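Chemist: I would like the atomic coordinates for the input below:
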Amino acid sequence: MSLPQQLRDESDFDQLPDNIPVTATIADVEEKKGFIVYYKFVIEVKTKGNSKYLIYRRYRQFYALHESLLLKYEAQPGYYGCQLPNLPGKVFMGNKKEIAESRIPELNNYMKRLLCLPTWILLDDLIRMFFYQTELDSQQIPRALRRLRPPTRKVKTVKPKTDLLSAPRAEVVFDFSGSGRLELNLKAGDVIFLLRRVNADWLEGTVRDKTGIFPESFVKIIKPLPESDSDEEGGASKKADRAQGSYSCLRCYLLKPEGIDTRDICVEEDLSIQPSYLDLLSRMRDLFQVDDIALNYRDPEGDLVRILDDEDVTLMIQESKRTKSEVKRPVNQYPWELLVTHSKDLSVYNTEY
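Modeler: Residues are numbered from 1 along each chain as shown. The predicted structure is shown next:
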């Protein structure tokens, strides 16, 4: 019996639906080059019905969940009150990757204790939506899942099958650096001869007379393993195709007395995302190398509107959706644009005093 189930009344637990999350473990930390560089935690979630899937969450999403739960439960006296686990606090200085790595044990403990709370709290929409696998989560390509690496056989030297054209094999799409002698080092373009499936995410194969394991998401299957040992043919290829088209473009303008400086930036974000005001401000300062700036967008009448907070970012995106059909843009370009001005330059606004 799992630990969460031991800590609950069995009859209550049995009545929970099968899609309720019961355990969650951080499998890896991945760098994302969004409007700012940040790190996401790759989390393996297991449900009461024994299904498993991956979700991708930033620390700020943990923090927002925790703050919402505090307001809802710890502030309520009586039956509906609840003592929540402690969340590691915000860190404002230091290397982002090191901060993310150091948070893994604490966040694992936080999720473990959170999912051990009474069953009626597990049914709360706040918790269910946090651990829900969104469409965007399902489209992500896990890069390594290094904390879930499976055991494998001892590395050995083998010769590929004589009939190379009939052997199960794959082509490497992305470079991969193994973390030890049990894992292969792969270079894009390499051909790997497949030996077996280790688990849902990892394969074992031979390349350049070396045998080891590697993540399937880094390769394109040319000829799959026998059906009993392999996922659907071409699945990795479809994943790779999605990965290659994951960048989105944002057009930005810096309005200066001597003219307009136009830039396009590419970010590893979905077109539907709503970035924060502070992230946009930080990115524009780095892009144009100017600190004293203001962010703006152009309304349907053609006037500049200054952006001051996240609510203004929401308004900008809503305006762009209403006028989307009037402007033709590439399919991977955001429907909204940023116009950057010097913060003290009010002459760019159509304002009468």
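Chemist: Surely K40 forms part of a strand?
Modeler: Yes - applying DSSP: H, G, I helix; E, B strand; the rest coil, one finds K40 inside a strand.
Chemist: Would you confirm that it contacts R57?
Modeler: Yes - K40 lies in contact with R57 (CB atoms under 8 Å); the separation is 6.5 Å. In short, each C-beta sits where N, CA and C put it, glycine included.
Chemist: Tell me where the model's unsure across the stretch 251-353 of the chain.
Modeler: 324-325, 351-353 (pLDDT under 70).
Chemist: go on, the stretch 101-250 of the chain?
Modeler: In the stretch 101-250 of the chain (pLDDT under 70), the answer is 144, 146-166, 180, 227-246.
Chemist: Going along the chain, name the strands of it.
Modeler: 169-172, 191-197, 202-207, 210-215, 219-223, 248-256 (DSSP state E, counting those that start in this stretch).
Chemist: For those, give me TSV that also has distance to I141 and mean neighbour count.
Modeler: Formatted as TSV, the strands of the stretch 101-250 of the chain follow (distance: least, CB to CB, whole Å; neighbours: other CB atoms under 10 Å):
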stretch	distance to I141	mean neighbour count
strand 169-172	14	21
strand 191-197	17	20
strand 202-207	14	22
strand 210-215	9	21
strand 219-223	11	20
strand 248-256	16	18
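Chemist: Distance to P118 for those strands - can I get that in CSV?
Modeler: Formatted as CSV, these follow (distance: least, CB to CB, whole Å):
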stretch, distance to P118
strand 169-172, 47
strand 191-197, 39
strand 202-207, 37
strand 210-215, 38
strand 219-223, 44
strand 248-256, 41
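Chemist: looking at those strands, which is closest to Q133?
Modeler: strand 210-215 (18.9 Å; CB to CB).
Chemist: Just the CA atoms of the closest one, as CSV, please.
Modeler: C-alpha atoms of strand 210-215 as CSV (Å, rounded to 0.1, in the frame of the first residue of the first chain):
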residue,chain,number,x,y,z
LYS,A,210,29.3,0.8,-28.1
THR,A,211,26.2,-0.4,-26.3
GLY,A,212,24.2,1.6,-23.8
ILE,A,213,20.9,3.3,-23.1
PHE,A,214,19.5,6.6,-24.4
PRO,A,215,16.3,8.6,-24.3
